[in-house]
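A.B. asks: the amino acid sequence is not available; the structure is as follows:
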């Protein structure tokens, strides 16, 4: 007599393999969402550099108030812009990530950015200054 189908052992092995693959794949999918959030934050800062440079070319100065000329992507907070002696710095956060992204123009860097005009992201500082 010939039997067709799978044995209990074969089914258990397949289920164990699926479980193993799921434990590997799920953290990678979660990490993808975080990377996408950082990419939108960096994109917002690159757009900010363009808007600031356009403002500078028309007004011979930078600004902290861009009005309707700039909007952050959905899910991102508006960047905090600070004018410096020869340029500006900006940082952006999102409630969807613990990281902060920053960019600067001029000679005053803002961590984690180290290259002028190039946004960079890193863990937000959780230290508070001592009194």
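C.D. replies: Looks like it came in fine. Keep in mind the model is a prediction, meaning the values are calculated, not measured.

A.B. asks: helices of the protein, start to end?
C.D. replies: Ranges of helices in the chain, per DSSP state H, are 8-59.

A.B. asks: quick one: distance of the lowest-mean-pLDDT helix or strand in it to the chain centre.
C.D. replies: Lowest by mean pLDDT, DSSP states H and E among the helices and strands of the chain is helix 8-59, with a mean of 85. Centroid displacement of helix 8-59 relative to its chain, using CA atoms, centre = their mean, to the nearest Å, is 9 Å.

A.B. asks: start and end of stretch 95-109, how far apart?
C.D. replies: The first and final residues of stretch 95-109 sit 24 Å from each other (CA to CA, to the nearest Å).

A.B. asks: what lies in contact with it?
C.D. replies: Applying CB atoms under 8 Å, 6 or more residues apart in numbering, the external contacts of stretch 95-109 come out as 33-34, 37-38, 41-42, 45-46, 48-49, 52-53, 62, 75, 77, 84-93, 110-113, 116-125. Any C-beta I mention is one placed from the backbone N, CA and C, and that applies to glycine too.

A.B. asks: now that stretch, how far from the centre of its chain.
C.D. replies: Offset of stretch 95-109 from its chain centre (CA atoms, centre = their mean): 10 Å.

A.B. asks: circling back to that earlier point, got a quick PyMOL command for the buried subset of the contacts of stretch 95-109?
C.D. replies: To isolate the buried members of these in PyMOL, using 16 or more other CB atoms under 10 Å:
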select buried, resi 37+38+41+42+45+48+49+52+62+87+88+89+90+91+92+93+110+112+113+119+120+121
